[in-house]
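Visitor: sequence unknown, structure follows:
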């Protein structure tokens, strides 16, 4: 039985080309924000597009998801007064480069949002930089993320 040429081409596309195209898509990392905790499904990724699929599981607080490129220890980022007496990370401070973020207005309790960024090799710290009643970052809402 002879296999039609069009079917042969289809098989080549399905078996060889499609997996290559799929591999070129962004890496997906799940992030969970809770009351004073920030966790990632993986703390590493290859350089290129990374999609953070972030869910705020807190029932009573908005949260942010802010990405900084930095070599500073994750709990020693530069701080400043937010104007109301609360200390937050100085997003333009020495030793940190603000990459991107999901602002708190987009992550109320129960919300899920995706953030896709093109990351170069290096070390990143991901934080919640809100200070409502208390500074979320200083209460442990931070994680190191390494891009290879």
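Guide: Perfect, thanks for sending it. Note that the coordinates shown come from a computational prediction; the quantities given were computed from them, not determined experimentally. Residues are numbered from 1 along each chain as shown.
Visitor: so the residue most central in space within the chain is in which element?
Guide: Centroid-nearest residue in the chain, with Cα atoms, centre = their mean: residue 52, separated by 4.2 Å. Element membership for residue 52, per DSSP states H and E: strand 48-56.
Visitor: hey, which helix or strand in this structure has the poorest pLDDT?
Guide: helix 18-23 (a mean of 48; mean pLDDT, DSSP states H and E).
Visitor: Which residue comes closest to residue 100 once chain neighbours are left out?
Guide: For residue 100, ignoring the flanking residues on the chain, the nearest one in space by Cβ to Cβ, 6 or more residues apart in numbering is residue 117 at 4.9 Å. In this view, the C-beta of every residue, glycine as well, is placed from N, C-alpha and C.
Visitor: Check the burial of that neighbour by counting its neighbours.
Guide: For residue 117, the neighbour count with other Cβ atoms under 10 Å is 16.
Visitor: before we move on, what about residue 102?
Guide: Neighbours of residue 102 under the rule other Cβ under 10 Å: 22.
Visitor: ok, now which ones touch the closest residue to it other than its chain neighbours?
Guide: Once flanking residues are discounted, residue 102 sits nearest to residue 65: 4.3 Å by Cβ to Cβ, 6+ apart. Counting by Cβ atoms under 8 Å, 6 or more residues apart in numbering, residue 65 touches 31, 33, 38, 52, 54, 101, 102, 107, 113, 115, 126, 128.
Visitor: List only buried entries from those residues.
Guide: 31, 33, 38, 52, 54, 101, 102, 107, 115, 126, 128 (16 or more other Cβ atoms under 10 Å).
Visitor: how about the nearest residue to the first one, chain neighbours excluded?
Guide: Same thing as residue 31. Counting by Cβ to Cβ, 6+ apart, the residue nearest residue 31 is residue 54, at 4.0 Å.
Visitor: again, but for residue 45
Guide: residue 27 (4.7 Å).
Visitor: Appreciated, that's everything.
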